[in-house]
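Enquirer: structure for this input, please:
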Amino acid sequence: MSKTIFITGAGTGLGKGTAIGLAKKGHHVIAAVEIISQVTSLREAASDAGVELEVIKLDITSKRDQQLIEDYNYDIFVANAAIGEGGPISEIPVDRVRKVYETNVFSTLENAQIAAKKFVSKKQGKIIFLSSVVGVVGMPYLGAYSSSKHAIEAIAKTMKAELDEFGVQVATINPGPFETGFNDRMFEEKHKWYDENENFTPRESIAEQEKMLDDQYDPQDMIDKMVEVIESDHHAFRTAYPKDVEDMMKEEEKSKWEEKV
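Expert: Okay, the predicted model is just below:
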């Protein structure tokens, strides 16, 4: 059965691929992109894929743009838009962390609250938060992004419990490291402030963690999984993908009860 699906952050990466993938399955997709130039590029990509998307410009941090979430009618709301920031959490300028939280936590929550109110009034609907493997696993030098996704995990859990009585579903999708360029850009951000001559964290230690960029997954696999979950009537509360990422998350939660300091 065809559904109307609103997805934010559809201008690039997994969001873009998922919007097109859902349209290919016959769904009406309202694909929100951050900047106006992405409207044209996404429409062209959709045309090349042989599908139609309703593409709109929506910066999720803009109160004026957020009104569009209220104006449209949809069955599923996918809170996908996010930004990233790498670097040691013990040294990163907190204003940069605050910017990550403004997008990934506060604005994402504002967006989800608008969708929740609409769904409660209809007594049906589904909100999906794009979390991450680092929403559970705390990886070195990804503390700003990771902690913002930890917050999303808590928001999703509590929102699920609170909206259940209204017939509204809430879930998360937790991708591992996929080669969309997002992770690469996240690590590059630290060069705007990190100086190995002034900061105490050794460059070699950061570089060791950055080796993960050499072993990222094919994004099409994650896109296919996201399409599968988003359009499904029923599925797990948390979808971590691929399987080794799911195993890593489960082991992380278990190990913290046994870890010593």
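
Enquirer: so which residues of the chain form strands?
Expert: Under the criterion DSSP state E, the chain carries strands at the ranges 4-7, 28-33, 54-57, 76-79, 125-130, 168-175, 238-241.

Enquirer: and the ones you listed as JSON lines, adding distance to residue 184, mean neighbour count and mean pLDDT?
Expert: Heads up, the C-betas are built off the backbone N, CA and C, glycines and all. JSON lines is the format used below for the strands of the chain (distance: least, CB to CB, whole Å; neighbours: other CB atoms under 10 Å; pLDDT from 0 to 100):
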{"stretch": "strand 4-7", "distance to residue 184": "23", "mean neighbour count": "23", "mean pLDDT": "98"}
{"stretch": "strand 28-33", "distance to residue 184": "20", "mean neighbour count": "26", "mean pLDDT": "98"}
{"stretch": "strand 54-57", "distance to residue 184": "25", "mean neighbour count": "18", "mean pLDDT": "98"}
{"stretch": "strand 76-79", "distance to residue 184": "23", "mean neighbour count": "26", "mean pLDDT": "99"}
{"stretch": "strand 125-130", "distance to residue 184": "18", "mean neighbour count": "24", "mean pLDDT": "98"}
{"stretch": "strand 168-175", "distance to residue 184": "15", "mean neighbour count": "23", "mean pLDDT": "98"}
{"stretch": "strand 238-241", "distance to residue 184": "20", "mean neighbour count": "21", "mean pLDDT": "97"}
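
Enquirer: can you put the ones you listed in a markdown table and add distance to residue 48?
Expert: Output for the strands of the chain, formatted as a markdown table (distance: least, CB to CB, whole Å):
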| stretch | distance to residue 48 |
| --- | --- |
| strand 4-7 | 19 |
| strand 28-33 | 14 |
| strand 54-57 | 14 |
| strand 76-79 | 22 |
| strand 125-130 | 24 |
| strand 168-175 | 24 |
| strand 238-241 | 26 |
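
Enquirer: figure out which of the ones you listed is closest to residue 111.
Expert: Distance to residue 111, taken as CB to CB, is lowest for strand 76-79 among the strands of the chain, at 5.8 Å.

Enquirer: the closest one pairs with which strands, parallel or anti?
Expert: Its sheet considered, strand 76-79 pairs with strand 4-7 (parallel), strand 125-130 (parallel) by DSSP bridges.

Enquirer: that's all I had, so thanks and see you.
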